[in-house]
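Peer 1: Need a 3D model of the sequence below.
(chains A and B)
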Amino acid sequence: MATPTLSIGGLKTWFFTDSGPVKAVDGVSFSVMPGEILGLVGESGSGKSITGFSIMGLIDPPGRVVEGSIVFKGEELRGRSDAAMRTLRGNRIAMIFQDPMMTLNPVLRIDVQMVEAVLAHRKMTRSQALALAHSALERVGIAAPGERLRAYPHQMSGGMRQRVAIAIALLNEPDLIIADEPTTALDVTIQGQILFEMQKICAESGTSLIWITHDLSVVAGLADAVGVMYGGRMVEHGTVAQVLESPRHPYTQGLIASVPQLEARGQPLRQIPGAYSPLVNVSGCAFAPRCERALPVCQTEPQLAATADGRLLRCHNPV
Amino acid sequence: MHTTLMSNAETSPARNTDTDAAPMHPPLLELRNVSVNFERPMTTSSALAWATGRSPAPRPSPVRAVDDVSITVGQGEIVGLVGESGCGKSTLGRVAVGLQRATHGERLLRGENLDAMNRQEALARQLKLQMVFQDPYASLNPRLRVLDLIGEAPVTHGIVPKADKRAYVAELLERVGLRPDMATRFPHQFSGGQRARIGIARALAVKPEFIVCDEAVAALDVSVQSQVLNLFSSLRERLGLSYLFVSHNLAVVHHIADRVTVMYLGRVVESAPAHRLFREAAHPYTRALLAEAPTLKVQKRKFIAIKGEIPSPLAPPSGCHFHPRCPHAMPRCSEEVPRLKSIATGHTAACHLHAD
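Peer 2: Now for the predicted structure:
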């Protein structure tokens, strides 16, 4: 079997506050193969974005990766110096943020920003870099890339800015792209176009993609595998068909039932009782206080274990 | 004894699931041929140049954010308003509650023209029209406690005596699923879903009959979104409220609305009962929106339903605004604006594909 592009094991990222550590990510493991698309799904505060930032080495104090391994193409990233991380970031591993203005500098033209991103990692002439930028914009479906290269970010629509941010991520043909809710703020038609293009790029170039989102339905049309996070832990991980068509963790099932479906128009939506409170460090299963299937045994922490069909599940009383 | 909420409307209307029959009474709210133009204010020098007839440049044409749109919302009805960013759906919602003046057109509440009556009369009726905003944090004053956020307006308008404010707010909080003791807290002490509920309680405080929900669940996690959608539905049943539900999320609109109106670049392109629109959409734009709407069905994307982006409202395409992105565009589409035509009972669409 080929080596995974990324493999993380037992990752723990904690934030040390005056009132004790907040365990934002508390023992997450998964791997992504070349060309594979993994959807990382969870509510706000579930630790999905912090997992992405941890891989990129972008955790600032009071946060710290306290435990676990992050292996990128056979190489451990934890403990790498900032300088060594910088040769990877934007080069072998790229990140796309929800707000493209986090990536784009508002006072620089697009061509300047894109050429800079290429020349930071590769030795080539400016005109070669510009040609790369031109083709990257073409790949993400921007019409008249030559014209757009000379524009400033404020002269573009939100959808176009996000395409430019994605094009910048693609510039150095990374092995791994981490996308943190990049289409959440976009219209469905634009989202559809971007999802289509991302899928094509991953299939053609073998780039691995981790797509972080709270929207299960985006994952349904995009990803190969899906990991559902709750309270800093992976609670269910399997192929998209396994997880979405026959969810076994009560939380996954509740999430799916919360999405309005065409068949159940007008009927009350199923609700997961209560709300997630990220600051409570419960012992045992983090979902137990909201779970309808909770048993006394749920006071002890369930372990992530493989089921008969090959998915990973963290639950004492699965569906 | 404080006034109870149920006094404003005990009516529990039957859900209009089928094609809407012609109403016997005037609809609760009607927007008739509403247009909203936005003009960029001229600089002093260009204004002078214009006044003296020496302007070098042609006068900039106004942006037609809403272009001749008519909608009605019946008692107890939920009308969904759908479209991409920049289509004018939020502007129309703001016109409906009176936050934005229409450049042309009329706004009628139970058949009475609100913009034609004097200020005093209009103000009293205006209270019946409330709004729930997209960002509950930005629309709640961070320095006020929930008690004042919710209780200030009903006391000011004399709906409840000042002495009963606390009890009234407590009742409202319970109604939206919050604990009465939360009244002493500030907005930052709540989660996103709870803040959304506070925004809803505030709208309910002045006993409205009609609420515009402008992307009211867009910022919420799905598990919280389902709680808030259920709340909207139950409030409609208990209080007989009517909603104009502005959203870009088709699944949400399909779930909650009785009728749906689809807008594109300021114009209505299609309007139909919800169950019909989602089964038999007549306009190519609506079909494309439906094709792009993400569902939980596990299947990889194999096509792009529409290419390109919504054009700038500063320079909308000629004829049918959708023609540059339309897979069925004909020469006629770039020349002639299609009128809204009736396709079936209660179902209209503006497209040249449908013969006159």
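
Peer 1: Could you pull out the helices in the stretch 201-319 of chain A for me?
Peer 2: A:216-222, A:240, A:250-258 (DSSP state H, counting those that start in this stretch).

Peer 1: packing partners for the first one?
Peer 2: Spelled out, that is helix A:216-222. Under the contact criterion of 3 or more Cβ pairs under 8 Å, 6 or more residues apart in numbering or on different chains; DSSP states H and E, helix A:216-222 touches strand A:37-41, helix A:188-205, strand A:208-213. All C-beta atoms are positioned from the backbone trio N, CA, C, and that covers glycine.

Peer 1: right, and the ones you listed - which one's nearest chain B?
Peer 2: helix A:188-205 (3.7 Å; Cβ to the nearest Cβ).

Peer 1: In three-state terms, label B:P27 for me.
Peer 2: The local conformation at B:P27, judged by DSSP: H, G, I helix; E, B strand; the rest coil, is coil.

Peer 1: State the distance from whichever residue of the stretch 1-150 of chain A sits closest to chain B to B:V222.
Peer 2: Going by Cβ to the nearest Cβ, chain B is nearest to A:E43 of the stretch 1-150 of chain A, at 4.3 Å. A:E43 sits 8 Å away from B:V222, going by Cβ to Cβ, to the nearest Å.

Peer 1: residues shared between the contacts of these two?
Peer 2: Counting by Cβ atoms under 8 Å, 6 or more residues apart in numbering or on different chains, the contacts common to A:E43 and B:V222 are A:H214.

Peer 1: The stretch 201-319 of chain A against chain B: which residues are in contact?
Peer 2: Within the stretch 201-319 of chain A, the positions adjacent to chain B are A:214-218, A:220-222, A:240-241, A:244-245, A:254-262, A:264-266, A:268-272, A:275 by Cβ under 8 Å from any Cβ of the partner chain.

Peer 1: among the residues you listed, which ones are buried?
Peer 2: The neighbour-count criterion (16 or more other Cβ atoms under 10 Å in any protein chain shown) marks A:214-218, A:220-222, A:240, A:244, A:254-262, A:265-266, A:269-272, A:275 among these as buried.

Peer 1: Where do the strands of chain A begin and end?
Peer 2: Secondary structure of chain A by DSSP state E: the strands cover A:6-17, A:20-32, A:37-41, A:63-72, A:75-76, A:93-96, A:176-180, A:208-213, A:225-230, A:233-239, A:305-306, A:312-313.

Peer 1: no no, chain B
Peer 2: For chain B, the strands defined by DSSP E cover B:29-38, B:63-73, B:78-82, B:104-109, B:112-113, B:129-132, B:210-214, B:242-247, B:259-264, B:267-273, B:341-344, B:347-349.

Peer 1: Make a markdown table out of those strands and add mean pLDDT, mean neighbour count and distance to chain A.
Peer 2: Shown next, in a markdown table, are these (pLDDT from 0 to 100; neighbours: other Cβ atoms under 10 Å in any protein chain shown; distance: least, Cβ to the nearest Cβ, whole Å):
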| stretch | mean pLDDT | mean neighbour count | distance to chain A |
| --- | --- | --- | --- |
| strand B:29-38 | 93 | 19 | 18 |
| strand B:63-73 | 92 | 21 | 15 |
| strand B:78-82 | 95 | 27 | 10 |
| strand B:104-109 | 92 | 18 | 26 |
| strand B:112-113 | 90 | 13 | 31 |
| strand B:129-132 | 93 | 24 | 18 |
| strand B:210-214 | 93 | 26 | 15 |
| strand B:242-247 | 93 | 26 | 11 |
| strand B:259-264 | 95 | 26 | 11 |
| strand B:267-273 | 95 | 25 | 11 |
| strand B:341-344 | 91 | 14 | 19 |
| strand B:347-349 | 94 | 21 | 17 |
